[in-house]
Structure formats: C-alpha cells, structure tokens
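> Need a 3D model of the sequence below.
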Amino acid sequence: MTPQDQLDGMNPNTYAPYRDPREYIQSWTDKIWIARGLGHIFDHYATDIKVHTCYGETYGMENVISNSLQKMIAFPNRGGGHDDVVWERRGDNGFISSHRVFNNATHLGPWIYGPATGKDWANRGVAHCVIQDGLVTEEWVIRDEFAVLQDLGMDPYVVAADLAKSSPVLGERMVTEGDPPAFAGRYPDPIKTGISGDRPDHARPECEAVVKLFDQVWEKKFFDLIPELCSDTIVCQTVRMGRALGVSNYQLETMKLLAMIPDAKVEIRDICVHDSADLGLRVATIWCLRGTYSGAPFYGPTNKAPLTILGSSHFEFRHGKIIREWRFFDEIAVMAQIIAHQNKLDAAQASATE
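Next up, the predicted model:
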C-alpha cells in the first residue's frame, strides 16, 4: 500500500492544512518546540488528551501545558531532528503516528533533576500518537532519560530513587504492581488490532516477521533465528546512544535486555506500517516486557522486583529482511521500579524485627 493509497478516501481535514500526516506531525512539533508557540497545543491536542509515559499517566491539557513550559525553561535551545514519522491510516478521519526524534539541548534552567548545569545532552525518543479529526487524542511517550543524566553528569540511581517515591513530572506515585488502564488487557493479534485500533491489512509479511522476532526470539529465546529475519549488516540503535552492528552484536544486545528479566512475557501493544519512496518500508511498534528482576544484575542486586517495561522499536526493511532497528525504553523507569520494590522489602523486614 503506497502513501497515496492510504490518503485516498481519507478526510483531508484529518491532517489539514498540511499535505499529509508526516508533514502534519513535523510542522506541529516545530511550531510548538522550535518556534516556541506553546499556545498551539490547544489547537493540536484534544482537551481530554491522555498521555502515557514510562512513569504513569496524565490526563488533560493543563498537565501538557505545565510540563512543556517547564521543559522549555530548562532547555531553551532544545532542538532535534525528525528522524522519521511512521504513520498509518485509522479509518477515514484518523491515523496513528510513531514519531522518532533525536533531541539535543543545553541544561540552562531549573528542571526536575536540579538547577542548571550548563551541560549539553542528546537522546532519542518516540511519540506514538492517535490523531482523530485533526487532533491528538492519545499519546505514548518513551524517552532515553539515562542518556540525558549521563551527559549532565548526574547519578542515575539517585534520580531513580527519587522517582521511586513519586514522579516529579506527573505528581503521581510510580506504578510498581498492577497495570495502569492504558496497559490493561492483551492484543492477541496485533497485526489486526492494537492500542490505536483496527489496522489495514497491508505489509503482512513484514508484520509477521516482526511478530516472529518478538515471539520466537525475545520470548522463546531462539536467538539463532535472527539471521533468518535480519540482514547480515543489521544495525540496532538503542539506549545511551548505543549501536550494535552485525548479527552477532545484535544477538548480544537483545540478550542483554532480556538477561535481567529472563522470565519476561513479551507483548506487542501496537503496530504501524508505512512505505515511502524516500525511506522504504518501516514497521513501528509499541511493546511491553513483564516479568521480574531475577537475572543479570544490571541495575544492582536482583530482588525479584515486578517490572513492566514500556518500549518502542522501529524496524526498517529491505528485500524482506530487517536492516535497522531503533529500540527505545527508559532505563531510569526500570531502575525506579527496582528501587521501589526494594524499599518495600526493607520496610517489611524492619517492621518484622521491631
């Protein structure tokens, strides 16, 4: 299905006044963040917007405005590039957009991590948005916050410990047990239906390859299947600005993620596909890993903390095989869940000895 095929019959008001959904997403982002037209948020987002992050959920326009204003003051020269917009139609009046960005800025004002440091930082992230009738109605945001702290010279464990108590961004307690509403239920066939709704039946071979990667490689640990699904020159861009090149390194990077949570159940929450002449065919996903911190002690001693890891992967295909993956999750959110669980264990032990 070509981009024009997706646009045919689609209400132009869905992405007006722009030529297509890609231009819609990029232009709105630049209006708000580059030109500092923060008030345009009222024109871009639905009044009851739901935003889901790795730390919890927030609802309504006031939180969006407040968080954005604070971030603009902390990082007034925040730039970044539109790495890609993978979009797919959702009915006649809507579409799903998975916007991959590269962010960079200088810490010049107070932020949740403390006073200005004057240091530069860079990270990658994804905004996965549902657009209906020209407005963003729901958004999933995943950022590599470890990369930011690393560049600012801050201790990620200290920040994670603070977040384990309460999220300074959302003002809500970190969810450590149970699932918030956005993550409730499962989608048994994400090729047909996901968090963004029913999707058109196109690019099925590529979608099936992605499902097989998550199901057979990630969950069932058949890492030897990777050469069947991926090019010999597969490149994975991942957290902390990491890069894994070639099948062997790609295997190890994937194994590293799963080694700390070896009992993880893998769930694809959404699939979005776009094929364009300039960037080829890309499959964007939202995924969850659910399990316990019972394997490799990447973030301190293992303590069987229940973890829900929200992530996103963008896959680029060529000749039926994956040639690139951009893989994102928030390590700080993972660490905060581990610390929060340890705090509970310590409190229970202290109570038992009194």
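
> Find the residue at the geometric middle of the chain.
Nearest residue to the geometric centre of the chain (Cα atoms, centre = their mean): residue 142, 3.1 Å.

> Can you tell me the SS state at that one?
Three-state assignment for residue 142 (DSSP: H, G, I helix; E, B strand; the rest coil): strand.

> shouldn't it be in contact with residue 329?
Yes. If you go by Cβ atoms under 8 Å, residue 142 and residue 329 touch, sitting 6.5 Å apart. Every residue, glycine included, has its C-beta placed from N, CA and C.

> Give the intersection of the neighbour lists for those two.
When contacts are counted by Cβ atoms under 8 Å, 6 or more residues apart in numbering, residue 142 and residue 329 have 54, 310-312 as shared neighbours.

> out of these, which are inside strands?
Under the assignment DSSP state E, the shared contacts of residue 142 and residue 329 contribute 310-312 to strands.

> would you list those in CSV and tack on neighbour count, distance to residue 269 and pLDDT?
What follows is those, written out as CSV (neighbours: other Cβ atoms under 10 Å; distance: Cβ to Cβ, whole Å; pLDDT from 0 to 100):
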residue, neighbour count, distance to residue 269, pLDDT
310, 23, 8, 92
311, 21, 10, 95
312, 23, 9, 97
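
> Tabulate the residues you listed (a markdown table), appending distance to residue 125.
Formatted as a markdown table, these follow (distance: Cβ to Cβ, whole Å):
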| residue | distance to residue 125 |
| --- | --- |
| 310 | 12 |
| 311 | 11 |
| 312 | 9 |
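
> ok, the residues you listed vs residue 15, which is closest?
residue 312 (22.0 Å; Cβ to Cβ).

> check contacts around the closest residue to residue 32 other than its chain neighbours.
Nearest non-adjacent residue to residue 32, counting by Cβ to Cβ, 6 or more residues apart in numbering: residue 40, 5.4 Å away. By Cβ under 8 Å, 6+ apart, the contact list for residue 40 reads 28, 31-32.

> Am I right that residue 40 is in a helix?
Yes. Going by three-state DSSP, the assignment for residue 40 places it inside a helix.
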